[in-house]
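K.L.:
dropping the sequence and predicted coords here.
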Amino acid sequence: MNDSSLSRRDFARTGLATAAGALAASWVPAAARAGAPSSRYAEIRVGLIGCGGRGTGAAANALRAAEGIKLVAIGDVFRKKAMSSLEALRADGLAELVDCPEDSIYDGLDAYKKVIEHPQVDVVLHAAPPGMRPLHLAANVAAGKHAFIEKPCCVDPVGYRSVQESAKLAREKGLSIVTGTIFRRSNNYVDGIRAIHEGALGDLLFAQARYCSGGIWYRDREAGQSDVEYQMNNWYHFTWLSGDQIVEQAVHNIDCINWVMGGAPKRAYGSGGQRVRPADSEIYDHTAIDYEYPNGATCSFFCNQQPGKGMVWNRIVGTKGEAWIHPFGKTTLTTHGGETILQSKYKGDAYVQEHTDLFAALRAGKQLLELDELNDSTLTAVIGRLAAYTGEEVSFEWAAKESKLDTYPQQMELKGALPAPTVAVPGRTKLV
Ligand SMILES: NC(=O)c1ccc[n+]([C@@H]2O[C@H](COP(=O)([O-])OP(=O)(O)OC[C@H]3O[C@@H](n4cnc5c(N)ncnc54)[C@H](O)[C@@H]3O)[C@@H](O)[C@H]2O)c1
């Protein structure tokens, strides 16, 4: 079956078809699995947008994911970030695969366009802040390039609809786009969720998911920085750029529960707030949401970034038993009587696998397009945030089709001003 012919339901049931297949096999070096280079993509040239920690990591993962990969263009709103990313890649033993001359290193607000439009670039790696993703992705698809995009893919309903359009156009153009939802490529998730879909737990009753991860970085304002420069550097703390913790970070677990349940929930209700964030941070530091799924199951979801005991896991309970799924750890399914149904331990490297799958698809002439799944999981996280921010119950369908919320600034210049940050207050913050 061609990957592009997978329906969304099939995808939700099986996880990533290619990943499931690849991970079922014993772990072999990534380059071997990607196959021998075929003529059109004998060499695959990648460009990177957003050269921070993950962007640099994604570039290294891509360069190691198969033979014949080269980094030929790089762009960040800040030149020093692009330069330090190149330096880090070279110091990481990848110098021979980095071929970015001065005129292929871009900065400024339009750096993304220059990377995308670089004539040599076949595949664009997107790792700028999530609030930029709909814009960057639309340009990527318009230019007819393949891509790897980090999660999440939007921060509000208008962004969601933009990504839907990009996904539709990408499908029509035959583009392949893989996403940074690494758990879909983690063998312990694939094994456990396949067993759940095959009925190992019986009918699903409820789930719990936790993303409680201590603190997060905060980048002080530097002398001379405009509002735009400051917020783009300290992006995590501004909702229009990060979407808040529930979207930026916890989307990983929300995506896992959507995958288990076979799609997005009907609605979200919950609350949250902030107690320990720095003064100008807009985002909550704790959010608790109940999600109701069409199959009648509920997920009790909680995330925080506060000092204390961190925990990141998913628990799924059915009529016959329950599952515990830990990232980069173990998945265990047991009966209610305590008998083990399945155990699966994480192995390999899901961060490399996502690129290996993309390059293998290009070389095999198959389309691999994952945007809709990430987009639905991102909107699931967004409706959780909106429920917490407003105190209202928020429907997925309403947000997908009717909400007018667009957090992206109307006017933006690198040296420009932005409205003062505000923390949402239920009752005062309205659903739009
Ligand atoms: N899959 C994972 O496990 C994982 C882990 C960490 C981060 N991420 C994701 O990766 C992305 C980047 O996170 P990070 O940790 O690398 O953050 P980071 O702050 O280290 O890097 C972000 C980079 O984007 C640049 N940037 C900001 N605005 C830009 C713009 N308009 N155009 C171009 N570049 C811009 C910044 O200057 C910075 O260099 C986020 O979407 C995040 O959610 C995913």
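P.N.:
That came in fine, so what should we check first?

K.L.:
quick one: contacts for residue 233?
P.N.:
Going by Cβ atoms under 8 Å, 6 or more residues apart in numbering, residue 233 touches 78, 219, 222, 225. To be clear about C-beta, it is placed using only N, CA and C from the backbone, and glycine gets the same treatment.

K.L.:
for those, which one is nearest the ligand?
P.N.:
For these, the residue nearest the ligand by Cβ to the nearest ligand atom is residue 78; the value is 4.7 Å.

K.L.:
just confirm the closest one contacts residue 107, I think it does.
P.N.:
Yes: applying Cβ atoms under 8 Å, one finds residue 78 in contact with residue 107, separated by 6.2 Å.

K.L.:
can you list the domain ranges for the chain.
P.N.:
Residue ranges for the domains of the chain, per automatic domain parsing: 3-183+350-370, 188-346+379-401.

K.L.:
can you flag the buried ones in the contacts of residue 233?
P.N.:
Among the contacts of residue 233, those buried by neighbour count (16 or more other Cβ atoms under 10 Å) are 78, 225.

K.L.:
and the contacts of residue 233 as JSON lines, adding pLDDT and secondary structure?
P.N.:
Output for these, formatted as JSON lines (pLDDT from 0 to 100; DSSP: H, G, I helix; E, B strand; the rest coil):
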{"residue": "78", "pLDDT": "98", "secondary structure": "coil"}
{"residue": "219", "pLDDT": "98", "secondary structure": "coil"}
{"residue": "222", "pLDDT": "97", "secondary structure": "coil"}
{"residue": "225", "pLDDT": "98", "secondary structure": "coil"}
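
K.L.:
make TSV out of the contacts of residue 233 and add distance to residue 191.
P.N.:
Shown next, in TSV, are the contacts of residue 233 (distance: Cβ to Cβ, whole Å):
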residue	distance to residue 191
78	41
219	39
222	47
225	47
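
K.L.:
so who does the residue in the chain positioned nearest to the ligand touch?
P.N.:
Nearest residue of the chain to the ligand, counting by Cβ to the nearest ligand atom: residue 52, 1.8 Å away. Counting by Cβ under 8 Å, 6+ apart, residue 52 makes contact with 76, 81, 85, 127.

K.L.:
of the domains of the chain, which shows the lowest average pLDDT?
P.N.:
The minimum mean pLDDT among the domains of the chain belongs to domain 3-183+350-370 (a mean of 87).

K.L.:
just to revisit the earlier point, what is the nearest of the contacts of residue 233 to residue 204?
P.N.:
Residue 204 lies nearest to residue 219 out of these, by Cβ to Cβ, at 41.4 Å.

K.L.:
which strand or helix spans the residue nearest the centre of the chain?
P.N.:
The residue lying closest to the centre of the chain (Cα atoms, centre = their mean) is residue 151, at 1.3 Å. Following DSSP states H and E, one finds residue 151 outside all helices and strands.
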